[in-house]
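Student: Here you go, sequence then predicted model.
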Number of protein chains: 2
Amino acid sequence: MTYAMIGTWRMAYEGLCKGIDLLKDSGTSADAVETSIKEVEDYPFFKSVGYGGLPNQNGLVEMDSAFMNGDTFAVGAVMGISDVKNPISVARSLSHDHFNSVLVGNGATEYATQNGFERKNMLTERAQKIWRKRKREIEEKNLSPYDGHDTVGMVSLDQSGSISVGTSTSGLFMKKPGRTGDSALVGDGFYADSEIGGAAATGLGEDIMKGCLCYEIVRLMGTGLSPQDACDKAVYPFVKKLKERYGKIGEFSLVALNKEGQWGVATNVEFTFAVGTEDSKPAIYIAFPGENDTTKIDPITQEWLDAYSKRIKAPID
Amino acid sequence: MTYAMIGTWRMAYEGLCKGIDLLKDSGTSADAVETSIKEVEDYPFFKSVGYGGLPNQNGLVEMDSAFMNGDTFAVGAVMGISDVKNPISVARSLSHDHFNSVLVGNGATEYATQNGFERKNMLTERAQKIWRKRKREIEEKNLSPYDGHDTVGMVSLDQSGSISVGTSTSGLFMKKPGRTGDSALVGDGFYADSEIGGAAATGLGEDIMKGCLCYEIVRLMGTGLSPQDACDKAVYPFVKKLKERYGKIGEFSLVALNKEGQWGVATNVEFTFAVGTEDSKPAIYIAFPGENDTTKIDPITQEWLDAYSKRIKAPID
């Protein structure tokens, strides 16, 4: 049996490398997902996940995270959790319970505290500076506050054929207190079935959830479609339908992996992602919507990576 | 064009009658859903929804509710909201926003307060008595605390062809603080597409969400299946799959309505529901899992109704 892992955004890369190392060593897909997402949560310069994530309109970092076991369909999730170092570990822990496996708000934070998960002030000085600057800009230029909403989503397949998926995010920047998106909603932000494959989403959660896109991608893979065909077929027609029916549409990007270790992505915006398999070592790619409901995928350039690295560490006025 | 409405459990009936009156009078499906669910939320003897709903393990009534507009796919939802008279009205109001349309915990309660939704102490003396009694029983008899979890879900079709769906619940009895189920998760507890139909779920949310059953039922109706066939085909194979893969399964029941006003239900337990259409006035039925992945549906008996009425008002020791 083979192994593979795919994750959303360039930020997934370092965590995914650790996940792939585990999988190569016969580690479980669940461990690979948790380890890789913890890496993203812990890195202070990724501003939409975990430590260093941007706060809500009141200045509090509220996070969403979910974990799904594709063998059993067990799900654990938290929404609006705060002051907890690794929301993904809380979500995975909850997935072991038959009852009370999805917790929101203070209840989620209390569960984490009572069960020994490390507490941490997740608001960095840098995130606070970005928040203050954005507040000023919104007032001065009369801008919409809602800009920026990248979830890390990881789907992994291990050598015993188990598929797991996990997500983690600090959510929509400048969101109202308590706002959650698709990242912790089953079928919307994530789904996994080890007999078929798994999928994860990132983008404007309020729109992604309208289409149940992760469930739909997994379902389509179950009819025999490749992950790429399933992504294209689920995402692009829904993008059109939502534009027609709702009148507007946010950004969204989806990744998928099947039980053979094949992968696919679809997106309505420039979208980076990381992927590694038994045959190809972890690498970062960049995707764009292509012609006729397809996806154009290129290897990332060193130039792009250098600019990214500079951008996420640039001084904040 | 025709009109119709279906709702989960016997408790849906009085609200559904009001909804049908609105629909007959060319009211909108959204108004019918909100009006009917408010009726259920306001009635103190229904112990799993709104006022009189049973509290969580700490004695606080925390509620979940969602609304979906099948024309636009717009969704509004609240999870873990408290001290608010009509969660369904909050959910419907949120569905008008493109951002921040799903709120959890204190953020949901604050939004309701700030936007003028009526506040109310939702814990009745009766619910408190039931809670105390149950606490005692759990300790004395070493029982699992988790028993009882009925969501009201309404799907309605109006004379202009619009379909709306709404849900409301106080959730799993004795749940941990912050616990939410499927009722506010898109595709899991509800889904609507006016070009096809809508569906709503009730039962153990932790298991319903594993199958994305409402999305799947609507999708199957979209392939041409009748609501009854779609319910049977989505629910019973998943019940089997979940038993095999997860090892156990809670109770769940689903209702569906299509754009022609035809309806269907599926359930793995005795399940009452209410339905009314242009051709048949509102009535209560009782459903059971039938043979070969079908559903057996009978009219309710006066005997059943009398026993129910006595049960929900029986003195609590």
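Tutor: In hand now; what should we look at?
Student: With only the CA atoms kept, save stretch A:208-228 in CSV.
Tutor: Extracted as CSV, the C-alpha positions of stretch A:208-228 are listed here (Å, rounded to 0.1, in the frame of the first residue of the first chain):
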residue,chain,number,x,y,z
ILE,A,208,-18.2,27.1,0.6
MET,A,209,-20.8,25.7,3.1
LYS,A,210,-23.6,26.5,0.6
GLY,A,211,-22.4,23.7,-1.7
CYS,A,212,-21.3,20.9,0.7
LEU,A,213,-18.3,20.7,-1.6
CYS,A,214,-16.0,18.3,0.4
TYR,A,215,-18.7,15.7,0.7
GLU,A,216,-19.5,16.1,-3.0
ILE,A,217,-15.9,15.7,-4.1
VAL,A,218,-15.6,12.5,-2.0
ARG,A,219,-18.9,11.2,-3.4
LEU,A,220,-17.7,11.9,-7.0
MET,A,221,-14.4,10.1,-6.4
GLY,A,222,-16.6,7.2,-5.1
THR,A,223,-18.2,7.0,-8.6
GLY,A,224,-14.8,6.3,-10.1
LEU,A,225,-13.6,9.9,-10.9
SER,A,226,-10.0,10.8,-10.3
PRO,A,227,-9.5,13.4,-7.6
GLN,A,228,-8.7,16.0,-10.2
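Student: Contacts (any at all) between chain B and it?
Tutor: Yes: judged by Cβ under 8 Å from any Cβ of the partner chain, stretch A:208-228 comes into contact with chain B through A:209-212, A:215-216, A:219. No exception for glycine: its C-beta is placed from N, CA and C like everyone else's.
Student: For stretch A:52-72, buried residues please.
Tutor: Neighbour counts using 16 or more other Cβ atoms under 10 Å in any protein chain shown place A:52-57, A:61-72 of stretch A:52-72 among the buried residues.
Student: ok, and of those, which contact chain B?
Tutor: The subset of the buried residues of stretch A:52-72 within reach of chain B, counting by Cβ under 8 Å from any Cβ, consists of A:62, A:71-72.
Student: of these, closest to A:Met154?
Tutor: Closest approach to A:Met154 among those (Cβ to Cβ): A:Asp71, at 16.5 Å.
Student: In the stretch 151-300 of chain A, what residue lies closest to chain B?
Tutor: With Cβ to the nearest Cβ as the measure, the residue in the stretch 151-300 of chain A that lies nearest chain B is A:Gly178; the distance is 1.6 Å.
Student: Am I right that that residue is in contact with B:Ser101?
Tutor: No: with contacts counted by Cβ atoms under 8 Å, A:Gly178 stays clear of B:Ser101, the gap being 11.4 Å.
Student: The top helix by length along chain A - contacts with which helices or strands?
Tutor: When secondary structure is assigned using DSSP state H, the longest helix within chain A turns out to be helix A:227-246. Contact analysis of helix A:227-246 by 3 or more Cβ pairs under 8 Å, 6 or more residues apart in numbering or on different chains; DSSP states H and E lists helix A:213-222, strand A:252-258, strand A:263-267, strand A:295-299 as its packing neighbours.
Student: what's the angle between the first one and helix B:213-222?
Tutor: So that's helix A:213-222. Interaxial angle, helix A:213-222 versus helix B:213-222 (axes from the mean of the first three to the mean of the last three Cα atoms, to 10 degrees): 60 degrees.
Student: what sits up against helix A:213-222?
Tutor: Contact with helix A:213-222 is made by A:186-193, A:195-201, A:227, A:229-231, A:233-235, A:238, A:252, A:254, A:256, A:258, B:187, B:212, B:215-216, B:219, as judged by Cβ atoms under 8 Å, 6 or more residues apart in numbering or on different chains.
Student: Let's test this: mean pLDDT of stretch A:35-50, rounded?
Tutor: Per-residue pLDDT over stretch A:35-50 has a mean of 97.
Student: just stretch A:124-143 next, same as before
Tutor: Mean pLDDT, computed over stretch A:124-143, is 92.
Student: Comparing the helices and strands packed on helix A:227-246, which comes out most buried?
Tutor: Using mean count of other Cβ atoms under 10 Å in any protein chain shown, the stretch among the helices and strands packed on helix A:227-246 with the greatest mean number of neighbours is strand A:252-258 (a mean of 29).
Student: Show me what that one is packed up against.
Tutor: When contacts are defined as 3+ Cβ pairs under 8 Å, 6+ apart, strand A:252-258 sits against strand A:4-8, strand A:152-157, strand A:197-203, helix A:213-222, helix A:227-246, strand A:263-267, strand A:271-277.
Student: Dump it to PDB, restricted to CA.
Tutor: As requested, the backbone C-alpha atoms of strand A:252-258 are provided in PDB (Å, rounded to 0.1, in the frame of the first residue of the first chain):
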ATOM      1  CA  PHE A 252     -12.600  29.100  -2.600                       C
ATOM      2  CA  SER A 253     -10.100  26.300  -3.100                       C
ATOM      3  CA  LEU A 254     -10.400  22.600  -2.500                       C
ATOM      4  CA  VAL A 255      -7.900  19.800  -2.300                       C
ATOM      5  CA  ALA A 256      -8.600  16.000  -2.500                       C
ATOM      6  CA  LEU A 257      -6.800  12.700  -2.200                       C
ATOM      7  CA  ASN A 258      -8.000   9.200  -3.000                       C
END
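Student: so what strands line up beside it?
Tutor: The pairing partners recorded for strand A:252-258 under DSSP bridges are strand A:197-203 (antiparallel), strand A:263-267 (antiparallel).
Student: number of nearby residues for the nearest residue to A:Lys133 once chain neighbours are set aside?
Tutor: Beyond its immediate neighbours in the sequence, the residue positioned closest to A:Lys133 (Cβ to Cβ, 6 or more residues apart in numbering or on different chains) is A:Ile316, lying 6.0 Å away. Each residue near A:Ile316 was counted by other Cβ atoms under 10 Å in any protein chain shown, and the total is 13.
Student: A:Arg126 now?
Tutor: Using other Cβ under 10 Å as the criterion, A:Arg126 is surrounded by 17 other residues.
Student: Helix, strand, or coil at it?
Tutor: Assigned by DSSP: H, G, I helix; E, B strand; the rest coil, the conformation of A:Arg126 is helix.
Student: which ones are touching it?
Tutor: Each residue near A:Arg126 by Cβ under 8 Å, 6+ apart is listed here: A:44-45, A:47, A:52, A:316.
Student: JSON lines for the residues you listed, including secondary structure and distance to B:Ala287?
Tutor: Shown next, in JSON lines, are the contacts of A:Arg126 (DSSP: H, G, I helix; E, B strand; the rest coil; distance: Cβ to Cβ, whole Å):
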{"residue": "A:Pro44", "secondary structure": "coil", "distance to B:Ala287": "54"}
{"residue": "A:Phe45", "secondary structure": "coil", "distance to B:Ala287": "55"}
{"residue": "A:Lys47", "secondary structure": "coil", "distance to B:Ala287": "50"}
{"residue": "A:Gly52", "secondary structure": "coil", "distance to B:Ala287": "51"}
{"residue": "A:Ile316", "secondary structure": "coil", "distance to B:Ala287": "59"}
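Student: which pair in those spans the largest distance?
Tutor: It's A:Pro44 and A:Ile316 that sit farthest apart of the contacts of A:Arg126, by Cβ to Cβ, at 13.1 Å.
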